[in-house]
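# I would like the atomic coordinates for the input below:
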Amino acid sequence: MTLRGELKMIDRMLKCTVFAAGVTLAASAQAETLIIQHDFISPGERRAITVLKNTWEKGGDKWNDLTMTHDSGSTVTLSSLLAGGNPPDIFFSAEPGTYADLKQEGRLLDLGPYFQTEKGKAAFAALPEFLQKFVTIDGEQVRAPNSVHIDGVMCYNLAVAKKTGVDPSTWKSFDDFYKDFDKVKGNDVIPLAFGADSFQIGYLFHSLVAAVDGGVYDRVFGVKADKTAIDTKEMREAFDLLRGIQKHTDAGATGRQWNEATNMVISGRALFQIQGDWMTGEWRAAGKTDGKDFSCVPLPGAKGATASVNTWGFVDTKNESKKEAQYRYLDANFDPEQMTQFNLEKGSTPPRRDVDLAKFPPWTQHALKLFDQPGFVHLTPRATIDQDWMRGIYDVASQFWANPDMTSDQAVEALQSSYDQVF
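The predicted structure is shown next:
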């Protein structure tokens, strides 16, 4: 189906749903039906988003779901919906370009007035400093965080670790990491479960750069990219680490989804996975417990880590009743009880620091300590850089992964070429 055809189909579907909901809610002038776009599709993610949905709908508003998956191959994206004049009322994105486009068109809702309400003030005050800065783009408060993840984490099956006689928590370097692989393979277990798609390779690569040197990471992946940071020993080291990991993945890695890799570790077919700590939500959805069935540790010898901030943005609909419903959605998002349960289900760290953190598992407690280390945690590229540049980096990393003959020097040259094309 063409892009125009898909857009027309979605437009008809949404109009029918909104009309039906409008008839039902006519008796309540304050209740609204809002189109909410997100990409929560795995079992753990669905459990989490249901917590938020149920909390918000208690007030009478209705959630019109628009799920859009990562890298699905569909021609319909958030950007195409915005360009086609069919924007959702609330969207799930941290990408600064999306906010800039909406602001330029006069369709971005400024959340500053919300953060001056009683509940808004309390929510903002409870955010750590780096998230208070994250909320703001070009001087306006426009992003509403709902969860935080460390992008590059190793989670492993404790029973498999015991069976194979290895302890990933003792690995201090990638040399330690590789030394134990033969021991794992000798027990008919895959050491590392991984899915070789652009998303997973890209996230792994930027996590490796931060692990090697956070300063270089900020120069390459920061708000203003510095070309001179590309041709450095640290970037070559990150590519070398990526090659080492690629050599140790199994033949089925190509095309494997990240949650399928997680299930390989949960089932005992593999020892561990490197992924964002959202994978812990899949363990929870499978009835497993952190510290009993599995454990998570940072990348071995990491000098830094990257954090993904899952966040909501809001379209200015020019409709006061809808804006009130959007504010109620913000209340639900920042509600401490909702935020606690949402992040437990998703396997993430809550943005608010005044929730009951004692309810959270060992890895979340460790992640909180990482956030408190000055200069250790850096924002993920999706929240900072030009998205064409991010895609250029991910494309080079994917090409490097797919071509064992490509050297780190050649990868650096390819990155420089991509930089020149973008900037």
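# contacting residues for residue 326?
34, 89, 90, 109, 314 (CB atoms under 8 Å, 6 or more residues apart in numbering). To be clear about C-beta, it is placed using only N, CA and C from the backbone, and glycine gets the same treatment.
# any idea how far residue 351 is from it?
Using CB to CB, to the nearest Å, residue 326 is found at 18 Å from residue 351.
# how's the protein carved up into domains?
3-147+308-365, 150-307+376-422 (automatic domain parsing).
# tell me the most buried of the ones you listed?
Most buried of the domains of the chain, by mean neighbour count (mean count of other CB atoms under 10 Å): domain 150-307+376-422, with a mean of 19.
# got the end-to-end distance for it?
Length of domain 150-307+376-422, first residue to last, CA to CA, to the nearest Å: 27 Å.
# ok, now stretch 104-117?
Stretch 104-117: ends 26 Å apart by CA to CA.
# show me the strands in the stretch 1-150 of the chain, by range?
33-38, 62-67, 90-92, 136-137, 140-141, 144-150 (DSSP state E, counting those that start in this stretch).
# what does the strand or helix carrying residue 272 contact?
Element membership for residue 272 (DSSP states H and E) is strand 270-275. Applying CB under 8 Å, 6+ apart, the external contacts of strand 270-275 come out as 152-157, 160-161, 164, 166, 168, 184, 189-194, 200, 203-204, 207, 245, 258, 261-262, 264-265, 279, 299.
# Provide a list of residues in contact with residue 67.
Counted by CB under 8 Å, 6+ apart, residue 67 has contacts 37, 38, 39, 40, 41.
# tell me the helices in the stretch 201-350 of the chain, going along the chain?
214-221, 233-247, 258-266, 279-285, 320-334, 336-346 (DSSP state H, counting those that start in this stretch).
# any chance of the ones you listed in TSV, with distance to residue 65 and mean pLDDT too?
Formatted as TSV, those follow (distance: least, CB to CB, whole Å; pLDDT from 0 to 100):
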stretch	distance to residue 65	mean pLDDT
helix 214-221	32	96
helix 233-247	36	97
helix 258-266	20	96
helix 279-285	19	92
helix 320-334	13	97
helix 336-346	16	95
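# among the contacts of strand 270-275, which lie within strands?
Residues of the contacts of strand 270-275 located in strands (DSSP state E): 153, 154, 155, 156, 157, 190, 191, 192, 193.
# who's in contact with residue 397?
201, 202, 204, 205, 242, 411.
# quick one: the longest strand anywhere in the chain to chain centroid distance?
Counting by DSSP E, the longest strand found in the chain is strand 305-314. Relative to its chain's centre, strand 305-314 lies at 6 Å (CA atoms, centre = their mean, to the nearest Å).
# and that strand, which strands flank it?
strand 90-92 (antiparallel), strand 144-150 (antiparallel), strand 377-379 (parallel) (DSSP bridges).
# tilt between that strand and strand 33-38?
On the basis of axes from the mean of the first three to the mean of the last three CA atoms, to 10 degrees, strand 305-314 is oriented at 160 degrees to strand 33-38.
# tell me the pLDDT at the residue positioned nearest the centre of the chain?
The centre of the chain sits closest to residue 308, judged by CA atoms, centre = their mean, with a distance of 4.8 Å. pLDDT, residue 308: 93.
# go ahead and confirm it touches residue 146.
No: counting by CB atoms under 8 Å, residue 308 does not reach residue 146; the two are 11.6 Å apart.
# would JSON lines of the helices of the stretch 201-350 of the chain with distance to residue 57 be doable?
As requested, the helices of the stretch 201-350 of the chain are exported to JSON lines (distance: least, CB to CB, whole Å):
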{"stretch": "helix 214-221", "distance to residue 57": "38"}
{"stretch": "helix 233-247", "distance to residue 57": "43"}
{"stretch": "helix 258-266", "distance to residue 57": "26"}
{"stretch": "helix 279-285", "distance to residue 57": "22"}
{"stretch": "helix 320-334", "distance to residue 57": "9"}
{"stretch": "helix 336-346", "distance to residue 57": "12"}
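# so for residue 47, which of these sits nearest?
helix 336-346 (4.3 Å; CB to CB).
# before we move on, back to that, ok, which of the helices of the stretch 201-350 of the chain comes nearest residue 64?
helix 320-334 (11.5 Å).
# pull the CA atoms of that closest one into CSV?
Extracted C-alpha coordinates of helix 320-334, given in CSV (Å, rounded to 0.1, in the frame of the first residue of the first chain):
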residue,chain,number,x,y,z
GLU,A,320,-9.1,24.2,25.3
SER,A,321,-11.0,21.0,26.3
LYS,A,322,-8.4,18.8,24.7
LYS,A,323,-5.6,20.7,26.4
GLU,A,324,-7.3,20.1,29.7
ALA,A,325,-7.4,16.4,28.9
GLN,A,326,-3.7,16.6,28.0
TYR,A,327,-3.0,18.1,31.4
ARG,A,328,-4.9,15.3,33.0
TYR,A,329,-2.7,12.9,31.0
LEU,A,330,0.3,14.7,32.4
ASP,A,331,-1.1,14.3,35.9
ALA,A,332,-1.5,10.5,35.3
ASN,A,333,2.0,10.2,33.8
PHE,A,334,3.7,11.9,36.8
